[in-house]
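Engineer: after the sequence you'll find the predicted model.
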Amino acid sequence: MTKLLAILLAAAVLPARSLAAELVVWHAYRGAEKTAFEKVVAAYNARPGAQNKVTTLAVPYDAFADKITAAVPRGKGPDVFIYAQDRLGGWIEAGNTVEPIDFYVDDALKGRFIPTTVEALTYRGSLWGLPLNYKVVTLIYNKKLVTQPPKTTDELVALGKKLTNRAAGRFGLAYPYNDFYYDSALFNGLGGGVFDAKGAPTLDAPENVKAFELLMKWVKQDGFLPAEPSSALITSLFNEGKAAMVFSGPWFLGEVKPGIDVGLAPLPTITEAGGKPMKPWMTVEGVYVAAPSKNKEAAFDFVKYVTDVGSARTLALEGRQSPANKQVYEDAKVSSDVLLEGFRKQVEAAVPMPNVPEMTMVWSPATTALNTLIRGSATPKDALAKAQAQVAKDVATLRKGK
């Protein structure tokens, strides 16, 4: 009896062991990316003494954002989800979707990442997720056709014209310049942008007009870009050896035909801007704790793990992704990988895509402006003025409804 009493008293003073958490993580990975991510999750679950268990659900990308919007605020979603920062502001303003994580994060943890990737996940002064991977547009070229990639726009024009034979369907450069996303490299590089520091739309800024004038010069006057730059055409041209260079991101590399010797280089500096770099938009996949999760501390423990250097190495080498973790690029295998290192260099001259809700209102007017420019039915100044008026009107309506 005395022995039993002693055991009971000892148990009473021991700290209670926390209950294991069953975490659900949503993502939209496929192929090698999915395999690498699931390997990281398996390693997390297999840690010695680990109490938390993670299960994953791969959601089709086209339906992913809508599924998060519909399910998470009602408590029907995961504990953690992974998505690019472009929808972040809208989810935060809608409420009960993303948990702010400032409480969990110190300067040392922030220092783990490339600084601009942290900036991409910051909204209204708070941090809402940890950066996992980034995607950015850079210069991709066929080494058989280009021995020395251009470092300036003057060199780009000269080489582009040299390698172009329109009669034979050959072009020095091809990229979807009718897609506003790709044109960010020029207007950001020239000092423009879509919103000012106070959040007011600025599509008709003089710097943006100058960027579109330069683009139209490349298309109409210099003539080294295809007239109808669809993504399918650009892929076909590159694979047939009829496009020497493209401006694109990691998604393009998966479409390149085996056997083509591909090189990567930073986008050229802009001679017309005194040698300032082209600055493409960067999208950052954040790992977010869902606001309704009942296991927030355990969820953040997984968020920290999946963004650490060991996980980043697996995602880079096996998933062919570009991690936001800085230290992973010190790894010999990662640093010697031409493709991974190519995107890492470009991210030093990149701008996080705006994560404000108003960004969704930019795409349609900007696309219309580009189409009128390409058809030659408006000047850059007039086309952007019309786009600016539409975006300003839509933004005012949105803010009035809040």
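Structural biologist: Arrived safely, thanks for sending. Just so it is clear, the model here is predicted, and its values are computed rather than measured. Numbering: from 1, shown residues only.

Engineer: not counting its neighbours along the chain, what's nearest Arg166?
Structural biologist: Closest residue to Arg166 apart from its sequence neighbours, by CB to CB, 6 or more residues apart in numbering: Gly223 at 6.7 Å. Just so you know, the C-beta spots here come from the backbone N, C-alpha and C atoms, and that holds for glycine as well.

Engineer: pretty sure the one you found sits against Leu163.
Structural biologist: No. With contacts counted by CB atoms under 8 Å, Gly223 stays clear of Leu163, the gap being 11.8 Å.

Engineer: pick out whichever of the two has more residues nearby.
Structural biologist: Neighbours were counted for Gly223 and for Leu163 using other CB atoms under 10 Å; Leu163 has more, 19 against 16.

Engineer: and the next helix or strand past the one helix or strand Phe37 maps to?
Structural biologist: Assessed by DSSP states H and E, Phe37 sits inside helix 31-45. Going down the chain from helix 31-45, the next helix or strand is strand 53-58, by DSSP H and E.

Engineer: okay, the angle between the very next helix or strand once past that following strand and strand 53-58?
Structural biologist: Downstream of strand 53-58, the next assigned helix or strand under DSSP H and E is helix 61-71. Here the directions of helix 61-71 and strand 53-58 differ by 120 degrees (axes from the mean of the first three to the mean of the last three CA atoms, to 10 degrees).

Engineer: give the pairing partners of the next helix or strand after helix 61-71; include direction for each.
Structural biologist: Later in the chain than helix 61-71, the nearest helix or strand by DSSP H and E is strand 80-84. Partners of strand 80-84 in the sheet, by DSSP bridges, are strand 22-27 (parallel), strand 281-289 (antiparallel).

Engineer: pLDDT of the longest one, averaged?
Structural biologist: Over the span of strand 281-289, the pLDDT mean works out to 98.

Engineer: please apply the same query to the first one.
Structural biologist: Per-region confidence: strand 22-27 scores 98 on mean pLDDT.

Engineer: quick check: angle from that strand to helix 31-45?
Structural biologist: For strand 22-27 against helix 31-45, the angle between stretch directions is 160 degrees (the same axes, to 10 degrees).

Engineer: distance from stretch 121-132 to the middle of the chain?
Structural biologist: The chain centre lies 14 Å from the centre of stretch 121-132; the measure is CA atoms, centre = their mean, to the nearest Å.

Engineer: tell me the buried residues in that stretch?
Structural biologist: 121-123, 127-132 (16 or more other CB atoms under 10 Å).

Engineer: list of residues touching it?
Structural biologist: 82, 85, 88-89, 92, 98-102, 105, 109-110, 113-114, 117-118, 120, 284-289, 303-304, 306-307, 315, 323-324, 355-356 (CB atoms under 8 Å, 6 or more residues apart in numbering).
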